[in-house]
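Enquirer: Sequence and computational prediction follow.
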There are 4 protein chains.
Amino acid sequence: MANIFTSLKGAYNLFKHLDFDKLEALSKKVDIPKMVETISNLDEKQLSGMMKLAGGNRKEQELPPIEGDFYHLGDEALKDEERALQLKVRAFLEKEVKPIVNDYWNKAEFPFEIIPKLAKLNICGLTYKGYGCPGKSNLMEGILAMEMARIDTSISTFFGVQSGLAMGSIYLCGSEEQKQQWLPLMQQFKIIGAFGLTEPEVGSAAAGGLTTTCKNVDGKWILNGQKKWIGNATFADILIIWARDVDDNEVKGFIVKKDNPGFSVGKMKDKMALRIVQNGVITLTNCEVFEVDRLQNANSFKDTAKVLRMTRAGVAWQAVGCARGAYENALEYTRTRKQFGKPIASFQLIQNHLVEMLSNLTAMQTLCFRLSQLQDQGLLKDEHASLAKVFCSLRTRDVVSKAREVMGGNGILLEYNVARFVADAEAIYSYEGTKEINTLIVGRAITGFSAFV
Amino acid sequence: MANIFTSLKGAYNLFKHLDFDKLEALSKKVDIPKMVETISNLDEKQLSGMMKLAGGNRKEQELPPIEGDFYHLGDEALKDEERALQLKVRAFLEKEVKPIVNDYWNKAEFPFEIIPKLAKLNICGLTYKGYGCPGKSNLMEGILAMEMARIDTSISTFFGVQSGLAMGSIYLCGSEEQKQQWLPLMQQFKIIGAFGLTEPEVGSAAAGGLTTTCKNVDGKWILNGQKKWIGNATFADILIIWARDVDDNEVKGFIVKKDNPGFSVGKMKDKMALRIVQNGVITLTNCEVFEVDRLQNANSFKDTAKVLRMTRAGVAWQAVGCARGAYENALEYTRTRKQFGKPIASFQLIQNHLVEMLSNLTAMQTLCFRLSQLQDQGLLKDEHASLAKVFCSLRTRDVVSKAREVMGGNGILLEYNVARFVADAEAIYSYEGTKEINTLIVGRAITGFSAFV
Amino acid sequence: MANIFTSLKGAYNLFKHLDFDKLEALSKKVDIPKMVETISNLDEKQLSGMMKLAGGNRKEQELPPIEGDFYHLGDEALKDEERALQLKVRAFLEKEVKPIVNDYWNKAEFPFEIIPKLAKLNICGLTYKGYGCPGKSNLMEGILAMEMARIDTSISTFFGVQSGLAMGSIYLCGSEEQKQQWLPLMQQFKIIGAFGLTEPEVGSAAAGGLTTTCKNVDGKWILNGQKKWIGNATFADILIIWARDVDDNEVKGFIVKKDNPGFSVGKMKDKMALRIVQNGVITLTNCEVFEVDRLQNANSFKDTAKVLRMTRAGVAWQAVGCARGAYENALEYTRTRKQFGKPIASFQLIQNHLVEMLSNLTAMQTLCFRLSQLQDQGLLKDEHASLAKVFCSLRTRDVVSKAREVMGGNGILLEYNVARFVADAEAIYSYEGTKEINTLIVGRAITGFSAFV
Amino acid sequence: MANIFTSLKGAYNLFKHLDFDKLEALSKKVDIPKMVETISNLDEKQLSGMMKLAGGNRKEQELPPIEGDFYHLGDEALKDEERALQLKVRAFLEKEVKPIVNDYWNKAEFPFEIIPKLAKLNICGLTYKGYGCPGKSNLMEGILAMEMARIDTSISTFFGVQSGLAMGSIYLCGSEEQKQQWLPLMQQFKIIGAFGLTEPEVGSAAAGGLTTTCKNVDGKWILNGQKKWIGNATFADILIIWARDVDDNEVKGFIVKKDNPGFSVGKMKDKMALRIVQNGVITLTNCEVFEVDRLQNANSFKDTAKVLRMTRAGVAWQAVGCARGAYENALEYTRTRKQFGKPIASFQLIQNHLVEMLSNLTAMQTLCFRLSQLQDQGLLKDEHASLAKVFCSLRTRDVVSKAREVMGGNGILLEYNVARFVADAEAIYSYEGTKEINTLIVGRAITGFSAFV
């Protein structure tokens, strides 16, 4: 029976301090499963009312809920159906993902068993219209990115590669046939995709310097070169590969299938962050691709950039989620861990850390909320997303660092659910444009001067 | 041919925004490889000269506007009439206030000539309903606080004392007669008010320890004690004085007139911040006040606290304005000041500072925007405002500090319009609750534990 | 019984280190519940009195001394005579300078009455050999710079201009005759000097771009141009002016006397930092100087740079002094200022600030100590001094900022002796090379790449 | 002959990348000692000229050496034999440890093969007198701790447990017989020790709250309780266990052998930092220890504290080493990694990071140098070591974070030798006293008020 309780957040918060004997006693008086369902359907206000009615044990009840949404952006600023979707995804993550991620992270392996479950949520390709996709707002997508990263940033990254980068490349640069062929299957995770842009010697300067080449020979395309850091690459069914055409010097995009004999991939093994994400080094050796698998509307790097622009806000939201996960776990820890005979949350030095975390977290949330509104209004420019990326990844580093600090030595143990966020924040900080590159993008926009070189 | 271009850095920078067609056209007129070589041998000065000769594309208009509203909260998120009011107030400040504030600040005097002009704007008591007040939203009031502080934080503070603290005390704690007597005149600045709460030995701990006393003797109230830091006190017509009743130990509020013989005030002279604000030390010596001038609905410190809660969000908005003023002036400076032959805005180190400033500024703006929404929705709690105060005053310190830094030595000269913000940010940082007190307010809310003592 | 005790906070704090046996023994002598109630009703002062009666541990003498030399660099690492000189200078500053500087700072005027007193200390030109100078170590000079800035950074700057920049120019670049003519008089402050290098449009890039010119016409030199920021300029007897020779394009140095008709100077009036230092804008209009007053060994900017290299370590030491003065005053304040009934130094949040200040201060001290050792060993390079300037001026900003913070509102009042340091730290941060310039000097040294432009 | 070379800095820098064979060959052509002297008398310019004359591989030679000892504390401030020992240990670490640590860290295993090699260095128990120990200075020990942590902080921690905590407990609290029995064997690593103080619920508050108990029953001691985080515990031959005597309530120390049937240990498995260090959870169940294995001079926690005081400075030095390792690897990376066609070390944004790292690193070095001098002079107090621990572990976090940042994505790969330091810095930050506890230790010393509870 305890299982039922813990799987329902409302009940969990209500009963977590009761002991099991009391629960059994209670079960003789009321139909507990029914009561639990009723309770978990109550909204915040009703729950609060009920708890007041319940009267007893006032001190415990007065503790505020452990929730990193201090300015009520979820429960006040979202529409009901959006809020419901947010909570549904959150419940899934807490039930299915949270219990297994530390172990997978430690082993540096990917939990394939969650893929069909993710599919059932029907949130892949969330903002796309048609092809089996839900056609929701960018704001909603951002919030879900936050929810995923709040539990595990690796899973959130896996999802972002599939839903954003891989499907997005086809959605924005594919022909109608290509979209119909791939998107519905990818939306259901029946086909897993990857996105091959960065190279061993070409990171943030991708626009100018791709060294992977393609050449049209007798109607077939021959690809040669290396790609590094490619998320999902070790098990993806298809890989979007970007290469420079040696004839016209333009960047073109290709759908390469995993069984292509000219394609090989090696797993990057010694990471200290996002260890669940399977990054690969891809080698293309005279890899042949038919014209039908060339993205028909990817004619230059400008088209690649469209994909990146669309997904960039999502990375800022992931940073928010990473910070929020660390904050919430740290807050809970400090309310129970005791030193010198009282909960450490009652010490000024600890409260100072918690409040700095929460203020950064709340600022990030309001910033990203506005960013997504700009995106939904069609006003988003590169520099808006870059600013959010810079701010959020910087502040997230701060938040996770303080979260670890308040946990003392236990903060370096995975089981306490903060160490992983500390490590993963480093990856978020640098991927999809380092702080330096994003700074120079914003700097150019506000000063009128390019300072890249 | 494109290869030649990209392989030569000088040419690359010169031509990267031209499209290929134009290049081909050009190649028919000149020997391009030769020209490229020539150009790449030019030094900075020659290059700059050539570009000026070319006449083309370096016009001032191409520079982005100097405006610290990167996420379009003014022009996109406000209603038309609200936006119009914002711009009207801004225009007034730039025309009437900006030209005179540095001199007044240096002399530590108040520019009384602006009071009738402020009155004409009809923005005093902005959110109050009735008594000649406009009845606008808290969001609008916050935005106007930002606009004022953007030009001068002292003027913004003067306004906040009159419109928020003094009128607010009467609006929230006065009888209907008192409201009708004072509010319309104060709204028009015909009566200037002050708010006397803090004392020489009682700062942030005001709730618990007021030492100024009142005692009812034969139907008259006798006040004794000292107040310190009281803004506008040296010239205010009426002063709201908070004192502890020696009989019932409750805090009560009084309207004391400046010509009361039991009242005297001395100007605080040696400030390094907000030098325009006239802070006074008030001494009350058997100061007699009739019952008719006791605030009829101020029965305990809880009522005083209502006034503080209402005005606190405004302080966060003032911090935003202070940061924005510094940022905008610094950005403008860096686009014109040259060192090593080019505008300093074109150096990476300077862009880095500008972008950090802007990201903090934008985060503050979105945070305060949401805070005011919560206030307008009736959801504002003390801890929400405290969080914003902590975050914004901390980030503002950072922003003004970087603004001064990018200006080098000139940053300490008032005439460059950043030095004043640097100094004033220190006052904002500590008034209406230090960072420590506001931190402990939030800390108590999120942990459930009070850590004040 | 233990329950009773723990439920009463006063008693709990008093008795928590007693063991239970002692409590029981005590209970046989007195009515403990009654005693507990009595004790918990005592105020701080009474409690403290009682504890003194008890013979215990609250004597004033037990408070550690307020001294910002945590690692005993003064009393352990200096030789006896050096330590004695340090203490003599400190005593002078505390007695003669400290009582008057806030008022002069507020008025932005210079306290000329201290000049003869400074002369008596016989510390001017401390490291020079001959010409009436003491010939002491660079370490000693650094420590005295710290001592001066610890009381007032403006006075320290005045001294640095006279002893370092002006006398140093003559010592390093003058002929034997020039040295004999000027140094003994300057060492005794009978002649006051200034150092004219920076210009309205030329700050940190002085090496490359001086626009003030000199031209030899018929054996006389004609100087034209403007100098800005020149310390002591409004009252100096002689000014070292650096100008570019239009004939050979080399920078040369001149001794210009204040009554030269081609020389005029205006006081820079609206500073928010170092308000005691009289900075001037100098205009040279066909200013004639005889060859005998040209520095005979200043043949190019490299010679000017020798002067700057020699004095740069002193600026790092000044930053240390500025930080130390602010720290010591803040520490003293927190030990006496009470809120919530106890000294604020007893709160965790305040101790946290104090310890961060002290750790930065101590690190700066050990860094500068080593820097001066390198200088005394002849190993000092530009990049060593630049690193110290970057580190110390950055950390000093942090220290003074926290010092002001722990003082709440009182921190912006000059009388509390921290506000002035906060403002002055901004000047130190930018003068003698901004953080950016010094960073690029070190950066070039460690990477091998110049990134100035 | 090599000795001659290393003792002369000019030669050292010039030749350190040559191998010994070449030196011998050279010695047949020229009089090397004479040449060395000549070279070391050259000034910078002459040296540079000579290196240009030498012709070959110019770029490489012009680059400054990658060495994080900017203020020459090693080569100038150490005596020759100390410097030689430093370099010998460094050479060992680079040759034997560096090549294997990333792999062991990734696997979370300990490289037992290095233990006999460490023994040969004869540096264990470095400062102890007698019992086969070298009797060197605390400064020397600190510098070696830095050298070890510079290559791997886990190995440095392993060494610190053996040489400092375990041997130190016996050295300071053991009887003469116990010292003779254990120290010579431990000095040679024939016996490995561990130090069992912290417990699952008792971290930084160890002084007050140990729950592990001991009781003397019929002349034998019975130990019960749990210890957590105990380094080396899974393979140590003997473990120093601290327990509270239930009879007199004092803390006593015991030497527990690994085959004691009342002792069991489990490896802590899911760490994200110091993964090479084998931390154990120890369970003592009626664990019997004879009086002969009770530390005869450990009579209360004050004696335990002596051990901690002695070792605490070493942790500060470890932080320095961790920072230095990260800095040096990052600097080297930035000088070779190219983006936009040039080494990233030539960009302002990267130089800014490098210089901030180096300034923090250099400040830490000078601070710890002075700390060890205080220790060698017998002046070290708890608060001195605590200040260094706070400062260095805080600054190290900053340094490793920037080191990772300049490496972009590659910074999270272990193979680039920075990721490991990033993770390990978190452990250093919290062990041997969190920042909070050390802050309160210093805070009490400087304010006179205890703020622990």
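Expert: Perfect, I can see it now.
Enquirer: Just to check, A:Ile282 is in contact with A:Gly196?
Expert: Yes: contact criterion C-beta atoms under 8 Å: A:Ile282 and A:Gly196 qualify, at 5.7 Å. In short, each C-beta sits where N, CA and C put it, glycine included.
Enquirer: who's more crowded, the two?
Expert: Neighbours of A:Ile282 and A:Gly196, each counted by other C-beta atoms under 10 Å in any protein chain shown, are more numerous for A:Gly196; the result is 32 against 25.
Enquirer: wait, isn't the more buried one in contact with A:Trp229?
Expert: No: look at A:Gly196 against A:Trp229 with C-beta under 8 Å: they stay out of range, at 9.2 Å.
Enquirer: Helices along the stretch 251-400 of chain A, start to end?
Expert: Remark: helices assigned in the stretch 251-400 of chain A by DSSP state H, counting those that start in this stretch are A:301-336, A:348-376, A:382-406.
Enquirer: Between A:Ile282 and A:Gly196, which contacts overlap?
Expert: Common neighbours of A:Ile282 and A:Gly196 (criterion: C-beta atoms under 8 Å, 6 or more residues apart in numbering or on different chains): A:227, A:230, A:233, A:239, A:241.
Enquirer: Need the residues you listed in TSV (columns: secondary structure and pLDDT).
Expert: Shown next, in TSV, are the shared contacts of A:Ile282 and A:Gly196 (DSSP: H, G, I helix; E, B strand; the rest coil; pLDDT from 0 to 100):
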residue	secondary structure	pLDDT
A:Lys227	strand	97
A:Ile230	strand	97
A:Ala233	coil	98
A:Leu239	strand	98
A:Ile241	strand	98
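Enquirer: end to end, how far does stretch A:289-301 reach?
Expert: For stretch A:289-301, the first and last residues are 19 Å from each other (C-alpha to C-alpha, to the nearest Å).
Enquirer: returning to that earlier point: what's the closest of the shared contacts of A:Ile282 and A:Gly196 to chain D?
Expert: Distances from chain D to the shared contacts of A:Ile282 and A:Gly196, taken as C-beta to the nearest C-beta, are shortest for A:Ile230 (11.6 Å).
Enquirer: residues contacting the closest one?
Expert: Neighbours of A:Ile230 in contact, by C-beta under 8 Å, 6+ apart: A:194-196, A:198, A:239, A:265, A:279-282.
Enquirer: and those residues, which of them are in strands?
Expert: Secondary structure from DSSP state E places A:194-196, A:239, A:265, A:279-282 of these in strands.
Enquirer: and those residues, which two are the farthest apart?
Expert: A:Phe195 and A:Val281 (14.4 Å; C-beta to C-beta).
Enquirer: and the spatially closest residue to A:Ala419 that is not a sequence neighbour, how many neighbours does it have?
Expert: Nearest residue to A:Ala419, sequence neighbours excluded (C-beta to C-beta, 6 or more residues apart in numbering or on different chains): D:Met272, at 4.1 Å. For D:Met272, the count of nearby residues is 26 (other C-beta under 10 Å).
Enquirer: Then A:Gly262?
Expert: 15.
Enquirer: quick one: the strands in the stretch 51-200 of chain A?
Expert: Here the stretch 51-200 of chain A has its strands, by DSSP state E, counting those that start in this stretch, at A:129-130, A:133-134, A:193-196.
Enquirer: Of those strands, which stretch is the most buried?
Expert: strand A:193-196 (a mean of 28; mean count of other C-beta atoms under 10 Å in any protein chain shown).
Enquirer: Is there any residue in it that contacts chain D?
Expert: No: under the criterion of C-beta under 8 Å from any C-beta of the partner chain, strand A:193-196 makes no contact with chain D; the nearest approach is 14.5 Å.
Enquirer: quick one: A:Ile230 and D:Leu414, what's the gap?
Expert: 19 Å (C-beta to C-beta, to the nearest Å).
Enquirer: per-residue pLDDT, the nearest residue to A:Arg335 once chain neighbours are set aside?
Expert: Nearest non-adjacent residue to A:Arg335, counting by C-beta to C-beta, 6+ apart: A:Ala345, 4.7 Å away. Predicted confidence (pLDDT) for A:Ala345: 97.
Enquirer: How about the contacts made by A:Ala345?
Expert: Here A:Ala345 is in contact with A:331, A:334-335, A:351, A:354, B:447-449 (criterion: C-beta under 8 Å, 6+ apart).
Enquirer: now swap in A:Thr153 and tell me
Expert: Here A:Thr153 is in contact with A:274, A:318, A:321-322, A:420-421, A:424-425, A:427-428 (criterion: C-beta under 8 Å, 6+ apart).
Enquirer: try 10 Å this time
Expert: A:101, A:105, A:145, A:160, A:273-274, A:276-277, A:318-319, A:321-322, A:325, A:396, A:420-421, A:423-425, A:427-428 (C-beta atoms under 10 Å, 6 or more residues apart in numbering or on different chains).
Enquirer: Now render the helices of the stretch 251-400 of chain A as JSON lines, adding mean neighbour count and mean pLDDT.
Expert: Listed next are the helices of the stretch 251-400 of chain A as JSON lines, based on neighbours: other C-beta atoms under 10 Å in any protein chain shown; pLDDT from 0 to 100:
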{"stretch": "helix A:301-336", "mean neighbour count": "24", "mean pLDDT": "95"}
{"stretch": "helix A:348-376", "mean neighbour count": "25", "mean pLDDT": "97"}
{"stretch": "helix A:382-406", "mean neighbour count": "26", "mean pLDDT": "97"}
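Enquirer: okay, those in JSON lines with distance to B:Arg150 next?
Expert: Shown next, in JSON lines, are the helices of the stretch 251-400 of chain A (distance: least, C-beta to C-beta, whole Å):
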{"stretch": "helix A:301-336", "distance to B:Arg150": "26"}
{"stretch": "helix A:348-376", "distance to B:Arg150": "19"}
{"stretch": "helix A:382-406", "distance to B:Arg150": "20"}
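Enquirer: for those, which one sits closest to B:Val256?
Expert: helix A:348-376 (37.1 Å).
Enquirer: Run through the neighbouring helices and strands of that closest one.
Expert: Applying 3 or more C-beta pairs under 10 Å, 6 or more residues apart in numbering or on different chains; DSSP states H and E, one finds that helix A:348-376 contacts helix A:138-151, helix A:301-336, helix A:382-406, helix B:348-376, helix B:382-406, helix B:435-447, helix C:348-376, helix D:435-447.
Enquirer: and with 7 Å instead?
Expert: Helix A:348-376 sits against helix A:138-151, helix A:301-336, helix A:382-406, helix B:348-376, helix B:382-406, helix B:435-447, helix C:348-376, with contacts defined as 3 or more C-beta pairs under 7 Å, 6 or more residues apart in numbering or on different chains; DSSP states H and E.
Enquirer: Measure how far the fourth one is from the centre of its chain, please.
Expert: Relative to the mean C-alpha coordinate of its chain, helix B:348-376 is positioned 13 Å out (C-alpha atoms, centre = their mean, to the nearest Å).
Enquirer: cool, and the third one?
Expert: The gap between where helix A:382-406 is centred and where its chain is centred comes out at 14 Å by C-alpha atoms, centre = their mean.
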